[in-house]
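Chemist: Build me a model from this:
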Amino acid sequence: MGTVQTVSPLAEIVTAVKDAGGEAFRYCYTCGKCDVVCPWNRVADFSIRRIIRQAALGLLEVEVDDLWRCTTCGKCVAACPRGVEQIEVTTAVRRIAASFGVFSGAASTLPAAAASLVSDGNPLGEARDNRTAWAKDLSVRPFTEGMEILYFVGCYYSYDSRNMKVAAATVKILQKAGVDFGILGTRENCCGESIRKAGEEEKFKHLARENIKAFIDNGVKRILVSSPHCYHTFKHDYADFMMNLEVVHISQYLQELIAQGRLVLAGQPSRADKQVRRVTYHDPCYLGRHNGCFDPPREVLKQVPGLELVELPESHQNSLCCGGGGGRIWMHTDKEERFGNLRLAQAQGVGADVLVTSCPYCVSNFEESRLSLLLDETVPEAEVLQIRDLTEVILESLAASEAAS
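Modeler: I've put the predicted structure just below:
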């Protein structure tokens, strides 16, 4: 169990939370609907309502680990009948905790991630000079003014070995579609969304200003992103810095390319290539619930020949969080508390061969859960479904079509 600790003198709690942007807590009347829908209550004893209520009363004495559990998935916000912005309150409380250096347990990794963001523009402790290593031999050009679109790659697609494959797949699709695009390379910084939700407001502002300066200096007009977290931040959070550039998520852009006839998915894949599959789509919280982007990825998947799309029991607005938001992607989660395990079980329950998503955090967490199943000798390998990003499914279909022609 974590340590029960007061994060600020009691008389200052309410004012501090309000000043940090969490004044909506005062509307809470403890109905408990937020706790009912919170995914944490499926795997642990956790109450977001307790944190909100204590913030309202200035009695913020809670188990410190609980301050860092929230993934900011938004299910509580969607369910609240009083319009309480639980994410704002949670973030505000975390800002206070961070200012006092109150980190423990899983959150003990946050200071290192924050330091890496400042020094190298990413949370993974990787050198800035290695940000384009994923693009080796892909003939990706630096962005120059006048290009059709900037591909903003993002940290996990640049450095994480599993997600680097997604970035490569994205580039290959853009090249096949004849898109005139480029990347910022080492001039790209983390969007800052997760570190902001972890309470580090000043570090977020630093990253936002650096990115916006790079966009302006390079004459960027339209930005393509693969990460829903980048999408959300550029569309909403960067507006505070007067950024009004057009931002499009890869699922939306794929749908656009198909509609324009620039990307053609044709031909019947063979079973030998394992392209005829029953797939199900997982809605990432920051693409679906937070931004209402539900149809584009599904419409794109429906264009893939030989593919059967089935829905998960919790989908669209009610999608189950993968567990990676709110800075949790940088924290350790015990095996028995991983939301990904629940999601994989749901995917297997609908008979899917492949679980498709469109978020680096989801891919990482689902792969981790899949690995734990593979290591479980009671689960036959054949029964463990595959994890794919949307772009990987599309690239595989294009490759199969080209091979058949």
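
Chemist: what does the domain assignment say about the chain?
Modeler: Domain assignment for the chain, taken from automatic domain parsing, gives 4-107, 114-259, 271-404.

Chemist: For this structure, just list every one of the strands.
Modeler: 4-6, 61-63, 149-152, 181-182, 222-225, 246-249, 278-281, 308-310, 354-357, 386-389 (DSSP state E).

Chemist: ok so, going back, out of the domains of the chain, which gets nearest to Leu265?
Modeler: Among those, domain 271-404 comes nearest to Leu265, with 4.8 Å by CB to CB. Just so you know, the C-beta spots here come from the backbone N, C-alpha and C atoms, and that holds for glycine as well.

Chemist: Show the low-confidence segments of the stretch 201-350 of the chain, by residue range.
Modeler: Across the stretch 201-350 of the chain, the ranges flagged by pLDDT under 70 are 267-276.

Chemist: which residues of it fall in helices?
Modeler: 201-217, 228-235, 250-259, 295-302, 339-349 (DSSP state H, counting those that start in this stretch).

Chemist: how about the ones you listed in JSON lines, adding mean neighbour count?
Modeler: Output for the helices of the stretch 201-350 of the chain, formatted as JSON lines (neighbours: other CB atoms under 10 Å):
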{"stretch": "helix 201-217", "mean neighbour count": "18"}
{"stretch": "helix 228-235", "mean neighbour count": "26"}
{"stretch": "helix 250-259", "mean neighbour count": "21"}
{"stretch": "helix 295-302", "mean neighbour count": "19"}
{"stretch": "helix 339-349", "mean neighbour count": "20"}
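
Chemist: Quick one: these as TSV, columns for distance to Thr91 too.
Modeler: Shown next, in TSV, are the helices of the stretch 201-350 of the chain (distance: least, CB to CB, whole Å):
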stretch	distance to Thr91
helix 201-217	8
helix 228-235	13
helix 250-259	27
helix 295-302	27
helix 339-349	20
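
Chemist: Ok, which of these comes nearest Ala106?
Modeler: Closest among the helices of the stretch 201-350 of the chain, using CB to CB: helix 339-349, at 14.2 Å.

Chemist: How far away from the center of its chain is the closest one?
Modeler: Centroid separation for helix 339-349 versus its chain: 18 Å, with CA atoms, centre = their mean, to the nearest Å.

Chemist: Name the residues that touch that helix?
Modeler: 39, 42-43, 71, 280, 282, 312-314, 320-323, 335, 355, 365-366, 368-370, 372-373, 383, 385 (CB atoms under 8 Å, 6 or more residues apart in numbering).

Chemist: Same check on stretch 377-388?
Modeler: By CB under 8 Å, 6+ apart, stretch 377-388 touches 279, 344, 347-348, 352-357, 363, 366-367, 370, 373-374.

Chemist: Closest one of the residues you listed to Gly199?
Modeler: Once CB to CB is applied, the member of those that ends up nearest Gly199 is Val363, at 25.4 Å.

Chemist: surely that closest one meets Val166?
Modeler: Yes: when contacts are counted by CB atoms under 8 Å, Val363 is listed as touching Val166 (6.9 Å).

Chemist: returning to that earlier point: buried ones among the contacts of stretch 377-388?
Modeler: Listed as buried from these are 279, 344, 347-348, 352-357, 363, 366-367, 370, 373; burial here means 16 or more other CB atoms under 10 Å.

Chemist: Return the item of these having minimum pLDDT.
Modeler: Lowest pLDDT of the buried ones among the contacts of stretch 377-388: Leu373, 84.

Chemist: quick one: contacts for it?
Modeler: 344, 379, 384.

Chemist: what's the distance between it and Ile183?
Modeler: Here Leu373 is placed at a distance of 35 Å from Ile183 (CB to CB, to the nearest Å).

Chemist: and if you look at Met243?
Modeler: On the measure of CB to CB, Met243 and Ile183 end up 19 Å apart.

Chemist: just Glu202 next, same as before
Modeler: 27 Å.

Chemist: Was I right to think Ala169 contacts Ser397?
Modeler: No: taking CB under 8 Å as the definition, Ala169 is not a contact partner of Ser397, at 11.2 Å.

Chemist: Touching both of these two, which residues are there?
Modeler: Contacts common to Ala169 and Ser397, judged by CB under 8 Å, 6+ apart, are absent.

Chemist: Looking at Gly105 now. What's its pLDDT?
Modeler: For Gly105, the predicted pLDDT is 81.

Chemist: If anything else comes up later, I'll come back, but that's it for now.
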